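Q: A predicted structure for the sequence below; I have some questions about it.
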Amino acid sequence: MISRRWELPSVANKNAHVPLVLLHGLLGDSGDWQPVIDRLPAIHCIALDLPGHGSHCTLTVDGFEQSHQWLVAELASRNIERYLLAGYSLGGRLALYHA
């Protein structure tokens with residue numbers, strides 16, 4: 001059965017230390033997630049700037065495989081081994097590829 005009532009993700013409630021990594025869409029940046037982050041105070045959210053966007057505007061990648069490799073390296077550089085991943089538009093496609 002599908003519930004129409006939205007609740008905070010149960011994984012975040014059980015394991016508050018597990019961050020929610022957020023990937024923005026094409027032409028956006030990590031700031032696009034701020035309204036979402038503001039509404040999830042109990043969840044540790046990490047919004048990333050994708051290559052070619054925001055603070056990574058000079059970083060170029062060629063396709064989803066290189067974007068995936070960048071994401072793996074970015075998470076490792078932050079010592080993030082366990083996480084939830086969400087994205088929309090380009091970020092959603094990268095999240096699916098990464099998964």
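A: Thanks, I have it. Just so it is clear, the model here is predicted, and its values are computed rather than measured.

Q: Setting aside sequence neighbours, what's the nearest residue to Gly25?
A: Ser89 (2.9 Å; C-beta to C-beta, 6 or more residues apart in numbering). Any C-beta I mention is one placed from the backbone N, CA and C, and that applies to glycine too.

Q: Then Tyr88?
A: Tyr88 sits nearest to Gly25 (C-beta to C-beta, 6+ apart), 5.1 Å away.

Q: Also Gln66?
A: The shortest distance from Gln66 to any non-neighbouring residue, by C-beta to C-beta, 6+ apart, is to Pro51 (7.9 Å).

Q: these two touch, right, that neighbour and Thr58?
A: No. Using C-beta atoms under 8 Å, Pro51 is not in contact with Thr58; the gap is 9.1 Å.

Q: Looking at those two, which has the bigger crowd around it?
A: Each of Pro51 and Thr58 has its neighbours counted (other C-beta atoms under 10 Å); Pro51 has more, 19 against 7.

Q: Shouldn't that one be within a strand?
A: No. With DSSP: H, G, I helix; E, B strand; the rest coil as the criterion, Pro51 is assigned coil and is not in a strand.

Q: Enumerate every residue touching it.
A: 59-61, 66-67, 70 (C-beta atoms under 8 Å, 6 or more residues apart in numbering).

Q: And these, which of them are buried?
A: 61, 67, 70 (16 or more other C-beta atoms under 10 Å).
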